[in-house]
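> This is a predicted model, with the sequence first.
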Amino acid sequence: MNFKVRAKNPVFWVQILLGAFATALAYAGLTASDLTSWGGVLDVIISTVKNPYCVFLIASNVWSALNDPTTSGLTDSDRARTYEKPLEK
């Protein structure tokens, strides 16, 4: 996998972070508007990390972000592995 190129793509990181944060909020039964302080955000993050089920759900989100369904396994296509930076459209 061409992880160096993916790591340069901000969309990849937003996908990872939003997937993890949405999982934490959903499990806690909260919405973003319920978090009114940084302490509350930290409490949600800590309780999520302590919960094996939440960690599994976040790992599933990461897998979905990493996995390219057009290739077998956890690899990129031959073409994608040759990229030096994210492909611009």
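Noted; the coordinates are in hand.

> Tell me which helix or strand the residue positioned nearest the centre of the chain sits in.
Taking CA atoms, centre = their mean as the criterion, residue 16 is the residue nearest the geometric centre of the chain, at 1.6 Å. For residue 16, the element it lies in under DSSP states H and E is helix 10-28.

> same deal with residue 46?
Per DSSP H and E: helix 38-49 holds residue 46.

> Where does pLDDT dip in the chain?
1-2, 68-81, 84, 86-89 (pLDDT under 70).

> let's see it at 90
The model of the chain has pLDDT under 90 over residues 1-12, 15, 19-28, 30-36, 40-41, 44, 61-89.

> that older thread, what comes up buried for the helix holding residue 46?
44, 48 (16 or more other CB atoms under 10 Å). Heads up, the C-betas are built off the backbone N, CA and C, glycines and all.

> which strands and helices sit next to that helix?
Contacts defined by 3 or more CB pairs under 8 Å, 6 or more residues apart in numbering; DSSP states H and E place helix 38-49 against helix 10-28, helix 52-66.

> Give me the buried positions along the last one.
I take that to be helix 52-66. Buried-residue list, helix 52-66, by 16+ other CB under 10 Å: 54, 57-58, 61, 65.

> go on, the longest one?
When neighbours are counted by 16+ other CB under 10 Å, the buried residues of helix 10-28 are found to be 12, 15-16, 19-21, 23-25, 27-28.

> Pick the one among those closest to residue 46.
residue 24 (9.8 Å; CB to CB).

> which one is residue 64 nearest to, not counting chain neighbours?
residue 19 (7.3 Å; CB to CB, 6 or more residues apart in numbering).

> Settle this for me: that neighbour is touching residue 61, isn't it.
Yes - the pair residue 19 / residue 61 is scored as a contact, 3.3 Å apart, by CB atoms under 8 Å.

> buried residues in stretch 31-39?
Quick answer for stretch 31-39 (16+ other CB under 10 Å): residue 35.

> contacting residues around it?
Residues from elsewhere that reach stretch 31-39, judged by CB atoms under 8 Å, 6 or more residues apart in numbering: 25, 40-41, 44.
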